[in-house]
Each structure stands twice: as C-alpha cells, then as structure tokens.
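A.B. asks: Give me the fold of what follows.
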Amino acid sequence: MEEREPFALLRITGKRGGGVAVHLNDSYVPGIPDVEGQLMVHNDFVTGIHDTSVEPEDLAGWAYVLDEVEAGREAVWREAARVAEIGIRLDWREDDHDRITVTVADQQTTRLAISLHMEHGWIDEQRALLDRLRTAWAHLIPGE
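C.D. replies: Numbers count the residues shown, from 1 in each chain. Here you go, the predicted model:
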C-alpha cells in the first residue's frame with residue numbers, strides 16, 4: 001500500500017535545526033486532510049506540540065504572509081484569532097541564506113520566538129505546501 005506524505009500547511013525547518021510546522025490529521029476521505037492538526041515548534045531549548053485547526057478560509061491569510069515576508073516585511077498569520085498566531089520576520093538576507101524569526105503566540109500568555117537560518121527557496125517550499133492543501137480542499141474554498 002502506498003504511504004502518503006502527511007498534509008502540512010507549513011514546515012519551516014532551519015538549516016542548523018529548529019523549526020515550526022502545522023501538520024493536519026487525516027480525514028475519513030483519502031487524500032483530503034482534516035481541519036484539525038498540530039502546531040509543532042522545536043529548537044535546542046524548547047519543544048512543544050499544540051492542537052490547532054486550519055479552516056479553508058485561513059489559506060488566503062497564509063498566502064498573504066508569504067508574500068509579505070518575500071517582500072521583506074514582517075507579517076502575522078491569524079493575529080488575534082481563535083488559535084495560535086504565527087509571525088515571521090525576515091531579519092536579513094545573504095547570498096546563500098536568510099535569517100528569519102518565527103514567533104508563535106497563543107491567546108493566553110505563551111509567546112516564543114525562534115531564529116532560523118533558512119536556505120534560499122524556503123518560501124517556495126511553503127507555497128508548494130499551500131498549493132497542495134488548496135488543491136485538496138478546492139471544493140471547500142469559495143472562489144477558488
């Protein structure tokens with residue numbers, strides 16, 4: 001039986017370790033992810049997993065964040081929303097890599113930031129994950 005790669009909306013992994021990911025659970029329909037999943041954060045100091053959800057309507061906001069970061073601007077996904085927000089700031093760009101700071105905050109009191117050194121092309125990798133999810137949920141996204 002062919003094993004599928006799990007659906008992820010984002011998988012930001014630094015070239016020196018550490019990262020942030022949002023993976024979605026399998027649904028009862030093969031090839032269609034559930035809206036429930038896990039937000040995972042890890043680096044040398046902290047590792048955490050938090051239940052989360054991603055609605056089809058959230059995808060446009062994530063695309064906006066990627067556009068803003070690619071243009072060199074800081075952006076936050078799902079700011080003040082029902083679930084943890086994720087912010088990305090491009091700290092600097094060099095010939096062979098970017099350094100970014102990713103912040104994750106919940107609605108209570110927890111906020112953390114991790115700095116990651118990223119290979120060029122990391123935003124394209126995030127867009128590919130986004131496109132895969134958009135394709136899987138195409139029947140659920142108005143106007144798509």
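A.B. asks: so what's the backbone phi/psi at the closest residue to Val65 other than its chain neighbours?
C.D. replies: Spatial nearest neighbour of Val65, excluding adjacent residues (C-beta to C-beta, 6 or more residues apart in numbering): Ala75 at 4.2 Å. Every residue, glycine included, has its C-beta placed from N, CA and C. For Ala75, the backbone dihedrals are phi -150, psi 150 (criterion: degrees, to the nearest 10).
A.B. asks: For Ala75, give its distance to Arg16.
C.D. replies: 23 Å (C-beta to C-beta, to the nearest Å).
A.B. asks: and these two? which has more neighbours close in?
C.D. replies: Ala75 (20 against 12; other C-beta atoms under 10 Å).
A.B. asks: What score does that one have for pLDDT?
C.D. replies: Among the per-residue scores, Ala75 shows a pLDDT of 97.
A.B. asks: Quick check: bridge partners of it?
C.D. replies: Beta bridges link Ala75 to Ile88 when assigned by DSSP bridges.
A.B. asks: looking at it, it is touching Trp62, isn't it?
C.D. replies: No. Using C-beta atoms under 8 Å, Ala75 makes no contact with Trp62, being 9.7 Å away.
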